[in-house]
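Novice: I'll drop the sequence and a predicted model, then ask my questions.
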Amino acid sequence: MKPTQIIGDCDLYQGDCLEIMANLADESIDMIWTDPPYGHNNQDGDLNAQLNSHRGLQSAPIANDDPEGFKRVLDGMLLQAERVMPKESCCCCCCCGGGPRPTFAYVANRMDAKGLTFFHSVIWDKKNPGLGWRYRRQHEMVMIAHKDGGKLLWADDGTAARNIYSEMPPRNRQHPNEKPVSMVEHFLRLHSVSHNTILDPFMGSGTTGVACVKLGRKFIGIELEPKYFDIACQRIEDAYKQPDMFVEQPNKTTPEQDGFDL
């Protein structure tokens, strides 16, 4: 299957991650960093949608963000993750924190089964409290696992990282659940080295791809929604126009477009 777009060292696919991951080669992915649907029906009549309406903004439900859809795509993604990751690898999943459903616990339990071993959880402290009733939401969780029978890919054995990461969310977002680029960079530095291949099966607006460009990692991104796929392509293209002088850049930085070759 050919990428929909190739931009530098980034292969970008617009489509269903379960179908596309099934065509990736065995043990071809060093690290997965992703932010899957949370199963909370976000932007579908919830507090976020009400706040957007008050601001005159349009809300749109996120695909597969209902409880059953979330379980289906998460399970399918992690089944493929076990196949495409080598013995020394890492899988990081953002999985919300506050709210009435224990998404973080479900993700941790699912990671610790069917070919993966749960390793640790990291709290993302957003610094300022967000929406919520009685308990206002100020954190999300990042669940970390590696391949069963293998070990966690850790870039520097001399590094010991705190399991709380503090940073505010982006002020100007192009996706309702967009993460800070610097936060993704933090985890990429811990769990990968230059020229490793990073996969984001739920690419959204392309934050993981931007972080990979800045750090000199190869990137495979998959996004179901055409709107966000186009935004991701533009952000990644723009990132190549502002290269880090300390990171070796690929020879090819011009976008290419291809159709699927199934």
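Specialist: Arrived safely, thanks for sending.
Novice: so where do the helices sit in this protein?
Specialist: In the chain, helices defined by DSSP state H lie at 17-21, 47-55, 67-84, 103-111, 181-191, 207-215, 226-240, listed in chain order.
Novice: distance to His146 added to these, as a markdown table?
Specialist: In short, each C-beta sits where N, CA and C put it, glycine included. Written out in a markdown table, the entries for those read as follows (distance: least, CB to CB, whole Å):
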| stretch | distance to His146 |
| --- | --- |
| helix 17-21 | 18 |
| helix 47-55 | 33 |
| helix 67-84 | 10 |
| helix 103-111 | 9 |
| helix 181-191 | 9 |
| helix 207-215 | 18 |
| helix 226-240 | 27 |
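Novice: deepest-packed of those, please.
Specialist: Mean neighbours per residue, mean count of other CB atoms under 10 Å, is largest over the helices of the chain for helix 207-215, with a mean of 27.
Novice: quick one: that one to helix 226-240, angle?
Specialist: Direction vectors for helix 207-215 and helix 226-240, defined by axes from the mean of the first three to the mean of the last three CA atoms, to 10 degrees, enclose an angle of 10 degrees.
Novice: can you show me the CA trace of helix 207-215 as PDB?
Specialist: Output in PDB follows, covering the C-alpha atoms of helix 207-215 (Å, rounded to 0.1, in the frame of the first residue of the first chain):
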ATOM      1  CA  THR A 207       1.700  16.800  15.900                       C
ATOM      2  CA  THR A 208       3.700  13.600  16.100                       C
ATOM      3  CA  GLY A 209       4.900  14.100  12.600                       C
ATOM      4  CA  VAL A 210       6.000  17.600  13.400                       C
ATOM      5  CA  ALA A 211       7.900  16.300  16.400                       C
ATOM      6  CA  CYS A 212       9.600  13.600  14.200                       C
ATOM      7  CA  VAL A 213      10.700  16.200  11.700                       C
ATOM      8  CA  LYS A 214      12.200  18.400  14.400                       C
ATOM      9  CA  LEU A 215      14.100  15.400  15.900                       C
END
